[in-house]
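Visitor: Provided below are the primary sequence and the corresponding predicted coordinates.
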Amino acid sequence: MKKIFLFSFLCIASLTSVNSQAQSVYADTDIDKYISSVQIPKNNEIDLVGTPYANEEFQKGVAVKNGLTIARNIGLRYNANKDIFEIKKTFVLTDDQARLLKKTNEITLKINDNDFVFITATASSKAQGYFVILHKGEKVSLYKKIKKEFIPGQKAYSSMTKAVSPTYKEKIIYYMADSEGVLSELPNSKKKKVEALGENSKEIKSFLKENKINVNKEKDLIKLTEFVNTL
């Protein structure tokens, strides 16, 4: 009985050691090489409407490289106007201790249910920057680009006019990637979105009708992309 217990204990210890080694391929300091020494620039605009950020507050996130987490409980904030990430190595640090994250396609940034990746432009596609992965498939993949356009304010030139505050206006753009990873911006219209994903397919037409798919809704666009990958 003692031999059986000892054998079981050794097996468990061995498995624990293997798992520990697999999880510790990257150390906590591995995120350091992606953190620049550049401080976050101050925004001197006053009376702003909106925000340049996808989320005004820093959010708790993780950084993943080659499927393994290299940093946990980091503070992340995406500046969608400048297309940059701000990072606090530890979430509890103050905002003025945040730094700019170096742009790299080596890591994935996970914030809540969103996975952000940095994609560089290629000869086949000029699309670049940070994108949210909505669906990854063998045939087609779906990405979302969050943009914040800055619209300068205007002074009141007379008593009959009102001053207009500078504004950040959000714009969401969807991209499709083919099996080679080449990104193409999806059109705004429903019809052209479907055409880009294969409108001539009888299966797709039936799927759209039976499931009452509205491809101008993100959740439905994801459903259609998932379906296309099953064909």
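Guide: Perfect, I can see it now.
Visitor: Residue 149 versus the nearest residue to residue 154 once chain neighbours are set aside, what's the distance?
Guide: Of all residues not flanking residue 154 in the chain, residue 164 sits nearest, at 4.3 Å (Cβ to Cβ, 6 or more residues apart in numbering). C-beta: built from backbone N, CA, C; applies to glycine. Residue 164 sits 15 Å away from residue 149, going by Cβ to Cβ, to the nearest Å.
Visitor: try residue 181
Guide: Taken as Cβ to Cβ, the span from residue 181 to residue 149 is 27 Å.
Visitor: Nearest residue to the middle of this structure?
Guide: Central residue of the chain (Cα atoms, centre = their mean): residue 116, 2.3 Å from the mean position.
Visitor: residues in contact with that residue?
Guide: Taking Cβ atoms under 8 Å, 6 or more residues apart in numbering, we find residue 116 in contact with 78, 85, 108-110, 130-133.
Visitor: now for the residues you listed, which pair is the farthest apart?
Guide: Within these, 85 and 133 form the most distant pair, 15.2 Å apart (Cβ to Cβ).
Visitor: Compare neighbour counts for those two and give me the winner.
Guide: Legend: neighbour count by other Cβ atoms under 10 Å for residue 85 and residue 133, higher for residue 85 (23 against 15).
Visitor: what residue ranges in this protein score low on pLDDT?
Guide: Scanning the chain for pLDDT under 70 picks out 1-29, 45, 199-200.
Visitor: so residue 79 touches residue 56, yeah?
Guide: No: Residue 79 is beyond contact range of residue 56, at 10.6 Å (criterion: Cβ atoms under 8 Å).
Visitor: who has more neighbours, these two?
Guide: Neighbour totals were compared for residue 79 and residue 56, and residue 79 leads with 19 against 10 (other Cβ under 10 Å).
Visitor: who does the more buried one bridge with?
Guide: residue 53, residue 84 (DSSP bridges).
Visitor: How about residue 147?
Guide: As for beta bridges, residue 147 partners with residue 171 under DSSP bridges.
Visitor: For it, give its distance to residue 117.
Guide: Residue 147 sits at a distance of 16 Å from residue 117 (criterion: Cβ to Cβ).
Visitor: Settle it for me: which of these two has more neighbours?
Guide: Counted by other Cβ under 10 Å, residue 147 and residue 117 do not tie: residue 117 has more neighbours, with 18 against 15.
Visitor: Find me whatever residue is spatially closest to the more buried one, sequence neighbours aside.
Guide: Among residues not flanking residue 117 along the chain, residue 108 sits closest, at 5.4 Å (Cβ to Cβ, 6+ apart).
Visitor: Please name the nearest non-neighbouring residue to residue 112.
Guide: What sits nearest to residue 112 in space, not counting adjacent residues and going by Cβ to Cβ, 6+ apart, is residue 59, at 6.8 Å.
Visitor: Mark out where each domain of the chain begins and ends.
Guide: Structural domains assigned to the chain are 25-185, 188-231, following automatic domain parsing.
Visitor: all strands for the protein, in order.
Guide: For the chain, strands defined by DSSP state E occupy the ranges 35-39, 59-65, 68-79, 84-88, 99-101, 108-111, 114-119, 129-135, 141-151, 167-177, 183-185.
Visitor: Tell me which of those sits most buried.
Guide: Each of the strands of the chain was scored by mean neighbour count; the highest is strand 84-88, a mean of 22, by mean count of other Cβ atoms under 10 Å.
Visitor: ok, now which ones touch the residue nearest to residue 112?
Guide: Residues near residue 59 by Cβ under 8 Å, 6+ apart: 75-77, 111-112.
Visitor: go on, residue 79?
Guide: 52-53, 85-86, 148.
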